[in-house]
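A.B. asks: need a structure here:
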Amino acid sequence: MSINKKRRTGLQEIADLIGISKMTVSRFLRDPKLVSEPLQLQISEAIDKLGYIPNKAPDMLSNAKSNAIGVLLPSLTNQVFAEVLKGIEIETDKYGYQTMIAHTGYSPEKEEMRLRSLLAYNIDGLVLTERTHTEATRKMIEISGVPVVEIMDSVSPCLDMAVGFDNFAVTKNMINRMINKGHQHIAYFSARQDDRSIIRQKAYEEAMIEAGLIPKTFATKASSSYSLGTQLLQQALKDYPQIDGVFSTNDDLALGVLFECLRLNIKVPEQIAVAGFHGHDVGQVMTPKLASILTPRVEIGQKAAEMLLKRINGESITQKVVNFPVQFLDGESI
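C.D. replies: Next up, the predicted model:
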């Protein structure tokens, strides 16, 4: 059965209700001060009564500026990106900009498809969360000329501007903390195999080898979840019985490991140490508290939007790559 969309209320209906011209309504919508105060009130009331929804698409396609930025996120359920978006919108809200959000599912091909749609709306700038892009994506960005900020990494080569932290250095620091507490058979648990998970794996391997220890990675392309953390621990206990530590690419996996240790009566950290990445609040109210790396997601979002809006408005950026510090939470699990 086909669904017939209701026709939106147009400017003419608002004008007819008050008995004014369509042009006067258009002027009001552009800037309410362009009409008299009594008329401002009348038009506002008519808009509320008729449920008028502005159609921005034609405006955005025809004007040089759309007052909208595109934000491409790899996951809409991941708390990390929910907090990044919160930071972005703190800044965009200040200056009356809209965020047009698209989901890429960690896929460069999907990113290309979503980007093509966003650029059709003549967006003024872009926030990207990954560093691996298709050739077509790079070409579209180059031709569009829009400023771009890539986030969550301050080291990997970027297209334009970048805001994030050093995934390699902070991972290596956490592995060394675990080693210094006496853990020698530390495994790395990874999901999705996105760019940052692979960087963290390399950092883990380097820290282990430098300490004269043997790295052991358990990786899957499946999405992160608590249940995946429990599955990876079950696999590790079978394939790597001497395991005495787990570093996970994120807190979801680490919490799953912690839950499974509790279920199997494995003492944490005495028998197995557990550490995660991102420092989510839930890990800090667990018993034992989860060791993790607290990343400043809201601040990264704010800084990325601030830099983007400056560039959109013709201001120069002196520091094109911003590196944020992280906080190491030793918790009670290492």
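A.B. asks: so where do the strands sit in the stretch 201-334 of the chain?
C.D. replies: Using DSSP state E, counting those that start in this stretch, the strands of the stretch 201-334 of the chain run over residues 216-219, 245-248, 273-275, 292-294, 321-323, 327-329.
A.B. asks: and the fourth one, what does it pack against?
C.D. replies: Looking back up the chat, that one is strand 292-294. Counting contacts by 3 or more C-beta pairs under 8 Å, 6 or more residues apart in numbering; DSSP states H and E, strand 292-294 packs against helix 167-180, strand 327-329. (Each C-beta comes from the backbone N, C-alpha and C, glycine too.)
A.B. asks: buried residues in the shortest one?
C.D. replies: It refers to strand 327-329. Judged by neighbour count using 16 or more other C-beta atoms under 10 Å, the buried positions of strand 327-329 are Leu329.
A.B. asks: next one: that strand to chain centre, how far?
C.D. replies: Centre-to-centre, strand 327-329 and its host chain are 20 Å apart (C-alpha atoms, centre = their mean, to the nearest Å).
A.B. asks: and it, what does it pack against?
C.D. replies: Packed next to strand 327-329, using 3+ C-beta pairs under 8 Å, 6+ apart, are helix 167-180, strand 292-294.
A.B. asks: list of residues touching it?
C.D. replies: 170, 173-174, 177, 279, 283-284, 289-294 (C-beta atoms under 8 Å, 6 or more residues apart in numbering).
A.B. asks: report the mean per-residue pLDDT for it.
C.D. replies: Across strand 327-329, pLDDT averages out at 98.
A.B. asks: for stretch 101-110, C-alpha coordinates in CSV please.
C.D. replies: Written as CSV, here are the backbone C-alpha positions of stretch 101-110 (Å, rounded to 0.1, in the frame of the first residue of the first chain):
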residue,chain,number,x,y,z
ILE,A,101,24.4,13.6,10.7
ALA,A,102,25.2,10.5,8.6
HIS,A,103,26.1,7.0,9.7
THR,A,104,29.0,5.2,8.0
GLY,A,105,29.2,1.9,9.9
TYR,A,106,33.0,2.1,9.8
SER,A,107,32.8,1.5,6.0
PRO,A,108,34.8,3.8,3.6
GLU,A,109,32.3,2.9,0.8
LYS,A,110,29.4,3.9,2.9
